[in-house]
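A.B. asks: Could you work out the structure for the sequence below:
(2 chains)
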Amino acid sequence: MTTPILEVEDLTIRYRGAPQPAVQGASFTLGRERLGIVGESGSGKSTVGRALMRLLPTAEIGAARMQFGRTDLLTASERQMRALRGNRMSMILQDPKFSLNPIRRCGEQIAEACLAHERMSKRAAKDRALAMLEAVQIRDPQLVYDRYPHQVSGGMGQRIMIAMMLLAGPELVIADEPTSALDVTVRLEVLKILDGLVREKGIGLIMISHDLNLVRNFCDRVLIMYAGRVVETLDAAELDNARHPYTRGLLAAQPRIGGSRDPLPVLERRPEWTRPMEGTA
Amino acid sequence: MLRNPGWLSPLLRQAGTILVTLLGLLVLTFVIGRLMPVDPVRAIVGEEATREVYEHVYQQLGLDRPLWQQFLMYLRDVASLDFGTSLRTGQPVLQDILHVLPATIELATFAIVIGAGLGIPLGVIAAVKKDRWQDHAIRVFSLTGHSMPIFWTGMIGLLVFYAALGWVGGAGRMDQFYIGLVPDVTGFLLIDSALAGEWDVFRSAVNHLILPASLLGYSSSAYICRMTRSFMLDQIGQEYVTTARVKGLSERRTIWGHAFGNIRVQLVTIVALAYGALLEGAVLIETVFAWPGFGQYLTSVLRMGDMNALMTCVLLVGVIFIALNLISDLLYRVFDPRTR
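C.D. replies: Below is the predicted model:
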């Protein structure tokens, strides 16, 4: 692993008024690599992503350490966070149907990402946005630039989202279920575009997903979350050798083409799994 | 289906809807005219008239013909802008209304500018600062405006700002002294006095307008503010607002540049409705301020059973609402690319 971009130690997030913390004692580091966070709904994986960007106004975030480059994310002011967001760290949201502003042109929304951080003319921002649209393999950038979000398809919308979030050249990108809302046919295409750009630019990627296979194929390391805790961390290639019973249960519950047609095993859940396993990194 | 260019067909559909609505409105006013317990003939000839005179007028008015023929005659009259003569003033109803309407439009327009100018920003602030002291303060402010009866605030306002402090003019559209000084061109006193270059009159008119317009504006700002707040809360929870924050936009740009744009369509609707309500319903404030407007006219013809005038007033209120709806529909297309 290269020098870490992000170091998180003992992260605990509690929503105001909730009896249980949504995330408890999560620790991980991220270099210029692709880290997958996998878990079922409500396991706290999206909450981790949003906490890193400090986008949870109704939650209390506590940690022993939450360091992004030279910035301490725990103590950074809102002003400092604003300078980071969209500039050095950004986030790709799930569904372009909702994550793009319906009444503004796609291109303007992309260009805004660099206008927010750099002193530049509208013209220059537009050129950069057009170049970025080309980078996400949109054939006619000028046409798409002037389109409104309801005029583009889901796959196109998500490429617009990727363009917007990579425009300013961030070091860290959090992709929160970036392909869950897409058709299966375009899912792979969009992932490959994201993957290509992330590798090319050496961006640290956190891919939040509930899809084990996707994470296995597109990430270097995988973090398994269960009930707000990180239960296991492994290399993606080592996923089949997972030791934690929850991870093993997840793997066993995957259907396989050409495999046995017997009913899949039911995923077990045990309260004692909320403690991290001894000896895992 | 006819082959139309894309932008034409919605306009045609709109025109069709308006025609149907208008026809329905005319049926309504016609029925009101027939159902009111006022004998139109008696109202014209008086109690003492002989049987022959009565019969003569009865036939002249076409009341002996079948109802559908009467309705067609009514349609024909309306189409040629002949609304009959007012019993109260003895003048054509149209002329009467054209005389009183500008005063009300002037008042209502100032009031809605104040109401929207105050209510919308306050509503947005209340939504952004939900459950914090700003939100509570704004809630108290707007609830107060909503709960106080306008005739009462009108009198208190006159007492305080006119009688005690002398900051504003009193009742009427201008000081007594200036009445008749400016020729009646458009009926809008501010415009007429400006056209005539009579700046003293203009100043006096503004002085008289400011208090009733502010009070009406305050009371409609309460409603606009509450609605803006709830529209805004809906939008702030949307994902695209998160996107804007993720991009690192300031709170101001996130709220005004992204979220606010998406409530404009809804705002247009409620502001248009509030404006319509001000145009027809400023009766109380017009009475308190002796404002010679449409509201006063409407109440006086209603009391007298002046059928021609009354039917026309009802028709006018309907037309105002149809027109406001039309304008807000057109604005939807400006504000929301999805409706184009």
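A.B. asks: mean confidence score for the top strand by length along chain A?
C.D. replies: Longest strand of chain A, by residue count under DSSP state E: strand A:6-15. Averaging pLDDT along strand A:6-15 yields 92.
A.B. asks: In it, which of the residues would be classed as buried?
C.D. replies: A:6-8, A:11-14 (16 or more other CB atoms under 10 Å in any protein chain shown). Just so you know, the C-beta spots here come from the backbone N, C-alpha and C atoms, and that holds for glycine as well.
A.B. asks: Quickly run through the sheet partners of it, with directions.
C.D. replies: strand A:23-30 (antiparallel), strand A:59-62 (antiparallel), strand A:65-68 (antiparallel) (DSSP bridges).
A.B. asks: how about the second one: buried residues?
C.D. replies: Think strand A:59-62. A:59, A:61.
A.B. asks: Can I get that strand in CSV, CA atoms only?
C.D. replies: Taking C-alpha atoms only, strand A:59-62 is exported to CSV below (Å, rounded to 0.1, in the frame of the first residue of the first chain):
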residue,chain,number,x,y,z
ALA,A,59,-25.4,13.0,13.5
GLU,A,60,-22.6,13.1,16.0
ILE,A,61,-19.4,11.9,14.6
GLY,A,62,-16.6,10.7,16.9
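A.B. asks: Now that strand: average pLDDT?
C.D. replies: 90.
A.B. asks: about what we covered before: hmm, who's touching the longest strand of chain A?
C.D. replies: A:20-30, A:44, A:47-48, A:51-52, A:56, A:58-68, A:172, A:204 (CB atoms under 8 Å, 6 or more residues apart in numbering or on different chains).
A.B. asks: Could you list everything A:M91 pairs with in the sheet?
C.D. replies: Residues in beta-bridge contact with A:M91 (DSSP bridges): A:I174.
A.B. asks: what about stretch B:132-145 and chain A, touching?
C.D. replies: No: for stretch B:132-145, no contact with chain A is found by CB under 8 Å from any CB of the partner chain; the gap never falls below 11.5 Å.
A.B. asks: quick one: buried residues of that stretch?
C.D. replies: B:135, B:138-139, B:141-142, B:145.
A.B. asks: likewise stretch A:204-220?
C.D. replies: Quick answer for stretch A:204-220 (16+ other CB under 10 Å): A:204-212, A:214-216, A:218-220.
A.B. asks: From those residues, which land in helices?
C.D. replies: If you go by DSSP state H, these have A:212, A:214-216, A:218 in helices.
A.B. asks: thinking again about what came up before, ok, which pair from the buried residues of stretch B:132-145 is furthest apart?
C.D. replies: B:D135 and B:G145 (15.9 Å; CB to CB).
A.B. asks: Those residues of chain A touching chain B, which are they?
C.D. replies: So far as CB under 8 Å from any CB goes, chain A lies against chain B at A:53, A:55, A:82-87, A:90-91, A:93-95, A:98-104, A:109, A:112-113, A:116-117, A:148, A:150, A:161, A:164-165.
A.B. asks: Tell me who's in contact with B:C313.
C.D. replies: Contacts of B:C313 by CB under 8 Å, 6+ apart are B:97, B:294, B:297-298, B:301.
A.B. asks: try B:L279
C.D. replies: B:104-105, B:108, B:294, B:317, B:320.
A.B. asks: repeat that for 7 Å
C.D. replies: Contact analysis of B:L279 by CB atoms under 7 Å, 6 or more residues apart in numbering or on different chains lists B:104-105, B:108, B:320.
A.B. asks: got the contact list for B:Y223?
C.D. replies: Counted by CB under 7 Å, 6+ apart, B:Y223 has contacts B:146, B:274.
A.B. asks: Give me the buried positions along the lowest-mean-pLDDT helix or strand in chain B.
C.D. replies: Ranked by mean pLDDT, DSSP states H and E, the weakest helix or strand in chain B is helix B:40-45, scoring a mean of 76. If you call a residue buried by 16+ other CB under 10 Å, then helix B:40-45 has these buried ones: B:40-41, B:44-45.
A.B. asks: From the structure, what's the count of residues near residue 90?
C.D. replies: Because you didn't say which chain, this covers chain A. Neighbours of A:S90 under the rule other CB atoms under 10 Å in any protein chain shown: 29.
A.B. asks: ah, no, chain B please
C.D. replies: 8.
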